[in-house]
Structures are given as structure tokens and as C-alpha cells.
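Participant: Kindly return the folded structure for what I paste below:
(one chain, ligands or ions: 2)
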Amino acid sequence: MEIFKYMETYDYEQLVFCQDKTSGLKAIIAIHDTTLGPALGGTRMWNYATEEEAIEDALRLAKGMTYKNAAAGLNLGGGKTVIIGDPLKDKNEEMFRAFGRFIQGLNGRYITAEDVGTTVADMDLIHEETNYVTGISEAFGSSGNPSPVTAYGVYVGMKAAAKEAFGTDSLEGKTVAVQGVGNVAYTLCEYLHKEGAKLIVADINQASVDRAVNAFGAVQVSVDEIYSQDADIFAPCALGAIINDNTIPQLKAKVIAGSANNQLRDTKHGDLIHEMGIAYAPDYVINSGGVINVADELYGYNHDRAMNRVATIYDKIERIFEISKRDGIPTYVAADRLAEERIARVSKSRSQFLQNGKHIITGR
Ligand SMILES: NC(=O)C1=CN([C@@H]2O[C@H](COP(=O)(O)OP(=O)(O)OC[C@H]3O[C@@H](n4cnc5c(N)ncnc54)[C@H](O)[C@@H]3O)[C@@H](O)[C@H]2O)C=CC1
Ligand SMILES: CC(C)CC(=O)C(=O)O
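Facilitator: Residues are numbered from 1 along each chain as shown. Ligands and ions are numbered 1, 2, ... in the order given. From the prediction side, this is the model:
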């Protein structure tokens, strides 16, 4: 991978490699764009097969955060971190504290939060070294774990997508195939079960599957079978790039609405599902509940205010379907337009002297 070429092509600002021998920390912080404000995005810990894979993931996820934060109307730019390692085996206190010191060194250009493989307890360790972290324990006046709020946003966004595909936003009696039943998807399943949806689930972790089967009467299928289920809705809630050449021909669902980041392997796959008439709720819009929730901390966290804002994901998804139909474009293109237009508008009107993370985090 030619890193600078890639960064130039997609206009990334900064890539930071963090290494700490004592703790074994190997982290990559990617900052894509800070036009709207400091880059906010979670920290993912994953056992990447290669360093290149980790760098690519950090870069792709950071760009996704620029679009997510812009489309959500937040005054925040896009960034993300990946830590290379197995979250079940390789974590230690010093690792997250060392990482916190690296974040502190960026002096507010990047603010972190949870993502796959990291927890509130990890954020608390980071917080020992820096204030540029959200989603820490509620005891600190923080918003805590963002996943349940992300799940609420996915739930309302799924209803808006269902309305587009089925003419009603009721999910009663609908079958939803959920890929990955981790933190976000478990709460999502709770909402869906309560509304009377039927659930099919798959996960590489049997304990997660068992939890959903026992709590919601979900039907288990293997991870390879989840795409081809006779479901109304496919909810990808694990990792990215799962809408691709192999999986699209298997899909029977009329709606794709889930929490995973970077669901489309490539833009051509967004075009393809559009041509097939599948109602796709763009990933970074439907899964923006978590970041909306943690971003609320920057103004002194208020749960009701955050939830009210997350509820508007329904309207945003509706609006994206309207634009998609009006202009004859796929929904992912409609979402990108909304985000890009906002960034362009703000970049024209703001003064460079306001480009300082500190002024919006004076609360802490
Ligand atoms: N936690 C949050 O608030 C947010 C999460 N997201 C995204 O949503 C997705 C899920 O996030 P979390 O629930 O926090 O993560 P998680 O790690 O708690 O859950 C992911 C689940 O997917 C399973 N999984 C991994 N590979 C799989 C595969 N090939 N097939 C089936 N299952 C597989 C894992 O075993 C795990 O149970 C991720 O893509 C994340 O980036 C996006 C926005 C916010
Ligand atoms: C988990 C969120 C708080 C932030 C993030 O990284 C995301 O939305 O993907």
C-alpha cells in the first residue's frame, strides 16, 4: 500500500503510529478531516492478520466517521483508532494508559470512544491520562456505553427503511436476519422482539447466539447461511465489507439496515443493491446513534436530549430515500451528498481561528 498516495486520494490529514514496548501497544490513529471540528471516532481492538489490514481499516473507518459526524449534524470531524491485538487476551492497564498519553499528545485533534473490542472500562483507563475520551463510566458524568443508543438509532432507522420497502414501518411479524449479536445487536434484538419481529441470528461466538436464542426465541443459523435466509430485513451488525460480490446474489431481504460500519465492500455494490430494488439504509447514518450520544458529553451529557436527537435518524433515513427517488441515485450516494454539502458549507463560512478542539470541550 502506498500510504501517502492513498491519503492524498481520499484527502486524509494525519496518520499516527503509536508503539509502547512495555504494554505491547500497537495502535494506529487515523484522522481524516477536521473541517467541522475535532475528529471523534472510536477505538477498535482486533487481531488483524497484517499491519496493512490494520492501516486500511483505520483509514476507512476514519473517513466513515467524517461522513457520519457531518450527516448527523455534529460539529466534529472524522477519526478512528485501531489497536492491533486480541481483545480477549492482549489487553492490559498500561496499554490503554499509554494510548491515552498518545491521544493527549494530539492536544484535542482526536477524541476517542468505544468500538468493537473495547469497553467502558478501557475508556476509563484512557481517561486516567487524557480528557479527550468519551463513553467513560457514568459515574464521571459521562454517557457510558454507546451501544444501546446505537441500537435505538438502528431500530428507528430500520423502521423508516421498512416503511419505504413495505409501506408500513411496523416490524410486527417481519423476519429480521441479524449478523453478529454483540453489544449493539443484542439491544436491537430486544427492540425487535418487543415489537413482534421474528429473529434469525448468526455469530462466530456461540455464547452470543445462545443469549439471543434464550432471550428472544431467535433461530440460529451458521455464519455462512445468514445472507440467504428467507428474511424481510437483513441487519448486518458485525464487521464491514459484507455487501459484496459473493453475498449480494444470496440476499432475499428487501431491506438492509444494520449497525456495521463500512457495509459496502465497494461503491459498485451500493449501485447493485439499488438496481435490485433493495432499500439500503446507509450504514453511517443508521448507526450514528452512538456517536450522537457520546458527542452530547461535549455539552454536559443529557440522556433525554441525546435520545431525542437519535430518534431523528428515522427522519434522516426517510429524507435519504426521498432524495434517492427524486434524483434516481442510490441511497449511499444521497447520504454522501448530504454529508459533503454540509462540510463544504461549513468550510466556506468558518474562520480558521475557531478550528480548535478546546472551545467545544470546555465542559470537561
Ligand atoms: N458499539 C457502537 O455503539 C457502534 C458500533 N458500530 C458498529 O457496529 C458493529 C457492531 O458493533 P458492536 O456491537 O459494538 O461490536 P461487538 O464486538 O460487541 O459485536 C460484534 C459481534 O459480531 C460477531 N462477529 C464478528 N465476525 C462475525 C462474522 N463473520 N459473522 C457473524 N458474527 C460475527 C462478534 O462475535 C460479535 O458478537 C461494528 O461494525 C461497529 O463498528 C457502529 C456504530 C456504533
Ligand atoms: C462507537 C461510537 C461512539 C463512535 C464510532 O466509532 C462509530 O460510530 O463507529
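
Participant: Looks to me like residue 188 is in a helix.
Facilitator: Yes - Residue 188 sits within a helix when classified using DSSP: H, G, I helix; E, B strand; the rest coil.

Participant: That one contacts residue 236, doesn't it?
Facilitator: No - applying C-beta atoms under 8 Å, one finds residue 188 not in contact with residue 236, separated by 11.3 Å. (C-beta placed from N, C-alpha, C; glycine too.)

Participant: Provide a list of residue ranges in this structure with pLDDT below threshold.
Facilitator: Confidence mapping of the chain against pLDDT under 70 gives the ranges 350-364.

Participant: Find the closest residue to ligand 2 in it.
Facilitator: residue 42 (2.8 Å; C-beta to the nearest ligand atom).

Participant: what's the burial count for that residue?
Facilitator: 25 (other C-beta atoms under 10 Å).

Participant: Share the number of residues neighbouring the closest residue to it other than its chain neighbours, please.
Facilitator: Nearest residue to residue 42, sequence neighbours excluded (C-beta to C-beta, 6 or more residues apart in numbering): residue 115, at 3.1 Å. Around residue 115 sit 24 other residues, with neighbours defined as other C-beta under 10 Å.

Participant: how near is residue 115 to residue 317?
Facilitator: With distances taken as C-beta to C-beta, to the nearest Å, residue 115 is found 22 Å from residue 317.

Participant: what do you get for residue 263?
Facilitator: Residue 263 is 14 Å from residue 317, by C-beta to C-beta.

Participant: Residue 303 now?
Facilitator: 22 Å.

Participant: repeat for residue 143
Facilitator: 23 Å.

Participant: Repeat that for residue 77.
Facilitator: 23 Å.

Participant: now residue 171
Facilitator: For residue 171, the distance to residue 317 equals 14 Å [C-beta to C-beta].

Participant: neighbour count winner among these two?
Facilitator: It is residue 317, of residue 171 and residue 317, that has more neighbours when counted by other C-beta under 10 Å, with 27 against 23.

Participant: So which other helices or strands are in contact with whichever strand or helix holds that one?
Facilitator: Per DSSP states H and E, residue 317 falls inside helix 313-327. Where contact means 3 or more C-beta pairs under 8 Å, 6 or more residues apart in numbering; DSSP states H and E, helix 313-327 is packed against helix 147-166, helix 283-286, helix 331-349.

Participant: Go through these and pick out the most buried.
Facilitator: Burial of these is given as mean neighbour count (mean count of other C-beta atoms under 10 Å); helix 283-286 ranks first at a mean of 27.

Participant: Okay, buried residues for stretch 264-271 please.
Facilitator: Going by neighbour count (16 or more other C-beta atoms under 10 Å), the buried part of stretch 264-271 is 264, 265, 269, 270.

Participant: Which of the three states applies to the spatially most central residue of the chain?
Facilitator: With distances taken as C-alpha atoms, centre = their mean, residue 261 lies nearest the centre of the chain, 4.7 Å away. State at residue 261, reduced to three classes by three-state DSSP: coil.

Participant: tell me the contacts of residue 158?
Facilitator: Residue 158 sits next to 171, 176, 192, 233, 235, 255, 257, 281, 286 when contact means C-beta atoms under 8 Å, 6 or more residues apart in numbering.

Participant: Let's see which of the residues you listed end up in helices.
Facilitator: 192, 286 (DSSP state H).

Participant: Emit the ChimeraX select command for whichever of the contacts of residue 158 are buried.
Facilitator: To isolate the buried members of the contacts of residue 158 in ChimeraX, using 16+ other C-beta under 10 Å:
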select :171,176,192,233,235,255,257,281,286
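
Participant: what would the contacts of residue 158 look like in TSV with distance to residue 54?
Facilitator: TSV is the format used below for the contacts of residue 158 (distance: C-beta to C-beta, whole Å):
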residue	distance to residue 54
171	37
176	32
192	33
233	32
235	26
255	32
257	28
281	28
286	26
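
Participant: Let me know the closest of the contacts of residue 158 to ligand 1.
Facilitator: Using C-beta to the nearest ligand atom, these come closest to ligand 1 at residue 286, 9.1 Å.

Participant: Isn't the closest one up against residue 256?
Facilitator: No - here residue 286 lies out of contact with residue 256, judged by C-beta under 8 Å, at a distance of 9.5 Å.

Participant: Between those two, which contacts overlap?
Facilitator: residue 161.

Participant: show me what contacts the residue nearest to residue 42?
Facilitator: Listed by C-beta under 8 Å, 6+ apart, the contact set of residue 115 reads 41, 42, 43, 44, 61, 80.

Participant: Could you double-check that the fourth one lies in contact with residue 117?
Facilitator: The one in question is residue 44. Yes - between residue 44 and residue 117 a contact is recorded at 5.7 Å, counting by C-beta under 8 Å.

Participant: I figured residue 104 was touching residue 129, is that so?
Facilitator: Yes - assessed by C-beta under 8 Å, residue 104 is found in contact with residue 129 at 5.8 Å.
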